[in-house]
Structure formats: C-alpha cells, structure tokens
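Visitor: Structure for the following, please:
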Amino acid sequence: MNLFAEIRLAVTGALDALAEDSVLPKGLDLAAVAVEPPRDAAHGDMATNAAMVLAKPAGLQPRAIAEALAARLMADPRIEGADVAGPGFLNLRLAPAVWHGVLRAVLVSGTDYGRSTLGAGQKVNVEFVSANPTGPMHVGHTRGAVVGDALSNLLAFAGWNVTREYYINDGGAQVDVLARSAYERYREAHGLEPEIREGLYPGDYLIPVGEALKAKYGDSLLDKGEQFWLAEVRDFATQMMMAEIRRDLALMGVTMDVYSSEKALYGTGEIEAAIETLRGMDLIYDGVLEPPKGKTPEDWEPREQTLFRSTAHGDDVDRPVKKSDGSWTYFAPDIAYHYNKVRRGFDALIDIFGADHGGYVKRMKAAVSALSNGRVPLDIKLIQLVKLYKGGEPFKMSKRAGTFVTLRDVVEQAGADVTRFIMLTRKNDVALDFDFDKVLEQSKDNPVFYVQYANARVNSVLRKAREARIACDDPLLIATDLSGITHEAELTLARKIAEWPRLVEIAARGNEPHRVAFYLYELASDFHALWNRGNDEPALRFVQEGNAATSAAKIALARATGVVIAAGLGILGVTPVEEMR
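Guide: A predicted model of the protein is given here:
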C-alpha cells in the first residue's frame, strides 16, 4: 500500500473528471502532477502541485484549477479538507480512518510493507568494492562495501533483479608487486632477512603468505630469478588475498554473486573484440592528444596512440586505449569488462568507485553508451573518504596493514551493525567522520542507537502487554478497532509510517540508500516523541491498565512502527535489536 500513490490516483482521477466536464481541456499530460508531504506539516497531510503544472497548458489561472480540483476531491471520503494555498498549491487533510488503514496494511504485509514493483524485474548489475587483491580491505573499502550492499538490497526491495559483482583487479602491475612482496616473506619464513624495499607492500599480513609458500614449495624457489617464480607466487598470493577479502566481506555480512577477473580478459580476445566493436562504429582511431591542461610536464611529448572517440558520447576528451608501444592502457580491459556486462543482458549498470576514480566517470559512461547503443545506463557512485577518530584523536593505522586501517580493525572496534548504519548516515559523495566513541554512545546524537532503541521500546511494549495478558499477536491487532488512534502525536507517527513506500521508491530511483537511514532516524524520533509524551500523559501510553481494547489499538501503532524499522534495517543490512542493555 503506497498511500501517496493512491491519493495521486484520486487527484488524476479528479482532473480527468474536470476535463470530462469541460472545466479543463482534454488530453492534458499529467505526468508532472505530484502528491507529496507538505514542507510544513501544519499545512496538511499531503500537497499537490497539479494546478501549478497544468495552468500553462490549460490556459487557466492556477488558483482557478486548484479551487475546482479541491471541490471535486472533497467528494472522496478519505479527504477531510482541501485548501488552496499561495498561487495555487493544494493542501489536503486526510481522515483519521486513512491512517488507521495504513497501520492495518503494515500489519498485514509485515516487513514486505513498502516493497515495490518499480523495478519491474529489470536486471541491474551493481559492481562494488573491487579492491586490488594486494592486501586486506581498508576503511574506504568498508564504506564502499556497505553502500553497494545496501543499494543492492534497496533495489531488490523495489523490484529489480540484482546481481552483486566484484571485479578482481588481478591483471595489472600491482599484482607483480604483491608477488615480489610475498616472495620476501617467503625468504623470511626460511630465516632470511626480507628486503622490503620502497615500492613493495610492507604489511605483516603477508607473513602468513610467505609461510604458506614455504609449506607448498619448500626451499625450491630460493635464490632463483623471478622469471622462475613470479607467475606462480603471483597467483598463489592473489588467491590468498582474495580468500582474506572474502572473509572480511563476510564479517560485514556482504556476499557477492559474481567474482570477475581482469586477468581472464587477457589472451581471450575479449579486449580485442570490444575495441573492434567500437572501431566498427568509427569510434577508434589513431591520433595525437592535446597536451594536458595546466602546466605541461617536462617529459610530455606528442605521440600517436590508438584512441577511443569518447567525446562522441559525452566525454571531455578522447581517451587512449593502446599505448605507443602497442600495449593496452588500463582503460582497455575496463571497456572489455563493461562490454561483457552489457552482453550478459543487464538493463542497467551501477559502479561504486573510490573518490580517486572521479576522472574515470565520463570515459566509462561514454564506453557503455557506445557499446550498448545508448540502451544501458551506467550510474557511477563515488565514495568519499572516511576519517576515523577515537578518544578525540585520529585512529592510528594498523600495524598489520602497515599503512592503513583495515575493515577488520573497524568491525572489531564498533561491530558490523554499527559500522554499516553509520557508513550510511551521509550521502556517498560526502566525507564521513567515524568517531568510535560517538558511534557507541547511547544518546539521541547517535543515530544507530536512537533507531535501535526505538525498536527495543516497541518490543518492550509487546512484552509488557503479554505480561498484562493483553493479546497482541498480529492477526488480533489487524482485526482490532483502531478508531481510538486520534491524538496528533499518534497520527504524526502514523503519517511517517505511511511515507515508507514512497521513500523506498525515491531512494531506489536515485540509487541513494542513505535515504533509508535518514528516514529511520525520523521515524524513531516520532516514536520516541510519542513515548515521552506518554510519560506525562497516561492516556498516550501504549499499554492502558485495565483497558485491553484501547491498549490493542495503541499496541498496533507500536507494532507497525517496529515492522517498518525492521524492514528499513533489513535494507541497510543491520539486525534489529530487541532489547537494549
């Protein structure tokens, strides 16, 4: 049940009726007509812009349309008031029975309340994390993992067919550096002094890799040139690092559907096929790029390269796909990888990148646009930095990692649920401060505590009701008389519950899972406000001593709140807490 969608249907139906009565011209485009919460709750329950957006095409004054629409809508028993405001906005007040119906719908649907068919089963690929397999995941990867997983949950909840994918960057020079670093730890496992020279990975996390290499190869690789061991050590170390990355993701409750390898693109003809497809569109040519903007590097010289005409699909400059020495650029396998996703039949692609990949956005969108003939949209979400604090000071790097704080460090300090929720309390493209002391404190300023505390309070209501021998199973609450829910604080909470299906669709359309965290905080605030008023006004308490019927109605309101909190936390990948200690 999406109440906003239902009232919008009432509005468009009234507009059609006005057209039949010749008050409005027939055939008006109603796509821009919206029904949404008013900016000021004092103005009503919902507001529509219908008169404003139809005035020009109808050739009428907005207020004239709004007044005619208001009169027509007043015939709907769900609408108690329709007031014209300003130049032609229409504010609507709904009957209390409407909000009672929302609560009943929540209890009937359970945590499926708000689930949408917006995605219509379209196939969407969400690629996220995709960390280089050269070490454990760091805090930046943590945020990307949370955003990607929550977004995947959100899209699935809104009706998309979602594939979660991890692209293993195992085809570049960084995995050769990993192999050389692991080889030094292999030497160390044999009692030799490792030479961790500049450019190698210094973290202690490679010590177990060196020991595992010793266990497998003995001393057979010692004192040999890297041409004898580089390929084998690279594959061995990459596999061990990917096993660790999978364990780290599991700590966060993240499971991938597909792991794709960059290395698997080389020598298979996939890169060549993608480039030839672009060449067939006259989008590949040999040319010389303009010098970089700003100060030209001293070693820069114009040279002919194989270029992708990405400017034909919205990029600022054309991009090289092959170097002057004949080798592929980093961009070429990425083109092939996304072409592979297009050919797998996805209707939409989403990439979640670190903020340092901002320069990749336009070129990647251009490639997908070209390779899909504009059919497959690509949305790229950039994940900004996370700054860690503890005890008022920056949280120090992990000795094990050598140069950064790992995902495991964060989860061990804060827990997976807290980490996931806090990572979604800012939009992905805004930097986030993660203070270990604040995210664990029990206060209103800590959003994860505030939401979980609301859920715990709902469960305490149910426990208290059972202790008072008041039946509070969902089938009984569904059938109970809710007409006693009339106080403004109660209706405010019911209104916020009614916003959930609309919020799901807005968040899914924009690929913005942080909106769910924001909504849950607002819902918790309305619930706590009602709870606190009940401390001063006994008539507002959820359990009314000696009055089972009145209690049942109020318990239904609390239970509906808990259902929506559970649904929202499920999208965020957070387990609801039933009791706070």
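
Visitor: So what touches the helix or strand residue 13 falls within?
Guide: Per DSSP states H and E: residue 13 is located in helix 3-20. Contact with helix 3-20 is made by 24-28, 30, 33-36, 46, 48, 50, 54, 68-69, 72-73, 76, 78-79, 92, 94, 98, 102, 498-499, 501-502, as judged by C-beta atoms under 8 Å, 6 or more residues apart in numbering. The C-beta positions use only the backbone N, C-alpha and C, and glycine is treated the same way.

Visitor: which of the residues in that helix are buried?
Guide: Neighbour-count burial for helix 3-20, counted by 16 or more other C-beta atoms under 10 Å, picks out 3-4, 7-8, 10-12, 14-15, 18-19.

Visitor: Stretch 58-67 too?
Guide: Buried residues in stretch 58-67, counted by 16+ other C-beta under 10 Å: 58, 60, 62-67.

Visitor: Keep only those of the contacts of helix 3-20 that are in helices.
Guide: Taking DSSP state H, the ones among the contacts of helix 3-20 that sit in helices are 50, 54, 68-69, 72-73, 98, 102, 498, 501-502.

Visitor: Distance check, residue 47 against residue 446.
Guide: 33 Å (C-beta to C-beta, to the nearest Å).

Visitor: do the same with residue 283
Guide: For residue 283, the distance to residue 446 (C-beta to C-beta) stands at 51 Å.

Visitor: and residue 161, what is it in contact with?
Guide: 119, 121-124.

Visitor: For the closest residue to residue 92 other than its chain neighbours, give me the pLDDT.
Guide: Distance criterion C-beta to C-beta, 6 or more residues apart in numbering; nearest residue to residue 92, sequence neighbours excluded, is residue 46 at 4.6 Å. With respect to pLDDT, residue 46 has a value of 96.

Visitor: Distance check, residue 46 against residue 509.
Guide: Using C-beta to C-beta, one gets 19 Å for the distance from residue 46 to residue 509.

Visitor: Comparing those two, which shows the higher neighbour count?
Guide: Higher neighbour count among residue 46 and residue 509: residue 46, with 24 against 11, using other C-beta atoms under 10 Å.

Visitor: does the closest residue in space to residue 348 that isn't next to it in sequence count as helix, strand or coil?
Guide: In this structure, residue 348 finds its nearest non-sequential neighbour in residue 124, 4.5 Å apart by C-beta to C-beta, 6+ apart. Following DSSP: H, G, I helix; E, B strand; the rest coil, we place residue 124 in the strand state.

Visitor: Show me where the stretch 201-350 of the chain dips below the pLDDT cut-off.
Guide: The model of the stretch 201-350 of the chain has pLDDT under 70 over residues 294-301.

Visitor: and residue 131, how far is that from residue 183?
Guide: Separation of residue 131 from residue 183 (C-beta to C-beta) stands at 22 Å.

Visitor: Residue 256 now?
Guide: For residue 256 relative to residue 183 (C-beta to C-beta), the value is 29 Å.

Visitor: same deal with residue 380?
Guide: Residue 380 sits 36 Å away from residue 183, going by C-beta to C-beta.

Visitor: More neighbours: which of the two?
Guide: Between residue 380 and residue 183, counting by other C-beta under 10 Å, residue 183 is the more crowded of the two (26 against 19).

Visitor: tell me which element that one falls in.
Guide: When elements are defined using DSSP H and E, residue 183 is found to belong to helix 173-189.

Visitor: which residue sits farthest out from the middle of this protein?
Guide: Using C-alpha atoms, centre = their mean, the residue of the chain lying farthest from its centre is residue 223. It sits 49.5 Å away.

Visitor: So that residue versus residue 53, what's the distance?
Guide: Taken as C-beta to C-beta, the span from residue 223 to residue 53 is 78 Å.

Visitor: Equivalent analysis for residue 466, please.
Guide: 51 Å.

Visitor: Among those two, which residue is more densely surrounded?
Guide: Counting neighbours by other C-beta under 10 Å for residue 466 and for residue 53 shows that residue 53 has the greater number, 20 against 12.

Visitor: wait, doesn't that one sit right on residue 32?
Guide: Yes. Using C-beta atoms under 8 Å, residue 53 is in contact with residue 32, at 4.4 Å.

Visitor: can you list the domains in this structure?
Guide: Domain segmentation of the chain under automatic domain parsing yields 3-94, 173-251, 447-572.

Visitor: Could you identify which of these is most buried?
Guide: Of all these, domain 447-572 has the most neighbours on average by mean count of other C-beta atoms under 10 Å, namely a mean of 19.

Visitor: Let me see the mean pLDDT of it.
Guide: Taken as a whole, domain 447-572 has a mean pLDDT of 95.
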